[in-house]
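J.: Starting from these lines, generate the structure:
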Amino acid sequence: MNRSLIADRYAKALFKLAMEQKELEQIYQDVNLLQSYCNDAEGFTDLLNSPVVKPGQKKQAFHSVLEGKVNISTLNLLDLLITNNREVLLTDINRRFIWLYKNEKGIKEVTVYTAIDFDDQQHDVLNQFLKEQFKAPIELTIKVKPELLGGFILKVDGKMADASMSTKLKQIKKQLLS
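T.: Numbering: from 1, shown residues only. Sure thing, here's the model as predicted:
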């Protein structure tokens with residue numbers, strides 16, 4: 001069976017459970033915590049993916065680290081994944097759950113690439129502007145790419161608008177050479 005299809009089913013089941021139990025916000029925070037562990041915590045994914053570590057040991061390790069920090073439904077999901085030998089799908093399940101949450105809440109993911117970093121005031125002004133333009137909550141990420149020289153690249157829901165100086169200079173160069 002397709003790995004993403006399996007992850008999708010687990011994510012949808014957790015999402016539905018979270019909605020039914022009115023714990024969507026808490027479980028969303030839990031999933032973000034788990035995803036940060038998957039991305040940043042040294043040894044976390046190694047433990048998840050290890051065929052040497054027995055399922056009981058994995059469950060015990062996760063309970064000792066996460067008990068009291070996450071909702072019981074989140075711990076139950078981890079137990080179920082380990083029991084069904086699907087713990088390697090945790091990152092995929094997290095991503096899909098986060099997507100379902102943002103879709104439910106109407107949150108737009110916006111990434112802005114700029115040549116220079118924004119200060120807090122510029123960040124807030126841009127965030128407010130985008131909220132007004134899209135009439136939706138915004139999750140804004142600003143990434144610095146000095147090679148843009150100036151201007152920006154804006155990505156929203158997989159669509160991109162490029163207003164960078166480097167692109168404009170490439171277009172001028174192409175026109176001059178043709």
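J.: so L169 makes contact with G151?
T.: No. Look at L169 against G151 with CB atoms under 8 Å: they stay out of range, at 10.2 Å. For the C-beta atoms, the positions are set from N, CA and C on the backbone; glycine is no exception.
J.: how close does K105 get to M19?
T.: 12 Å (CB to CB, to the nearest Å).
J.: That should have said Y37, apologies.
T.: For Y37 relative to M19 (CB to CB), the value is 24 Å.
J.: more crowded one of those two?
T.: Y37 (21 against 13; other CB atoms under 10 Å).
J.: Touching, the more buried one and F44? I think so.
T.: Yes. Counting by CB under 8 Å, Y37 touches F44, with 4.6 Å between them.
J.: For V53, I want the exact helix or strand it lies within.
T.: Assigned by DSSP states H and E, V53 belongs to no helix or strand.
J.: What's the local residue count around it?
T.: Count around V53 with other CB under 10 Å applied: 16.
J.: more neighbours, L169 and G151?
T.: Neighbour tally, L169 and G151, criterion other CB under 10 Å: the higher count belongs to G151, 16 against 12.
J.: Which strand or helix spans E42?
T.: Going by DSSP H and E, E42 is not in any helix or strand.
J.: quick one, what contacts it?
T.: Going by CB atoms under 8 Å, 6 or more residues apart in numbering, E42 touches no other residue.
J.: now it: how far from A163?
T.: 39 Å.
J.: do N127 as well
T.: Applying CB to CB to N127 and A163 gives a distance of 18 Å.
J.: okay, those two: which has more neighbours?
T.: N127 (18 against 12).
J.: Wasn't E139 part of a helix?
T.: No. With DSSP: H, G, I helix; E, B strand; the rest coil as the criterion, E139 is assigned strand and is not in a helix.
J.: What is the burial count for it?
T.: Around E139 there are 14 residues (other CB under 10 Å).
J.: go on, F152?
T.: F152 has 17 nearby residues by other CB under 10 Å.
J.: Quick check: buried residues in the helix or strand bottoming out on mean pLDDT in the chain?
T.: Lowest by mean pLDDT, DSSP states H and E among the helices and strands of the chain is helix 44-49, with a mean of 84. Neighbour-count burial for helix 44-49, with 16 or more other CB atoms under 10 Å as criterion, is recorded at 44-45, 47-48.
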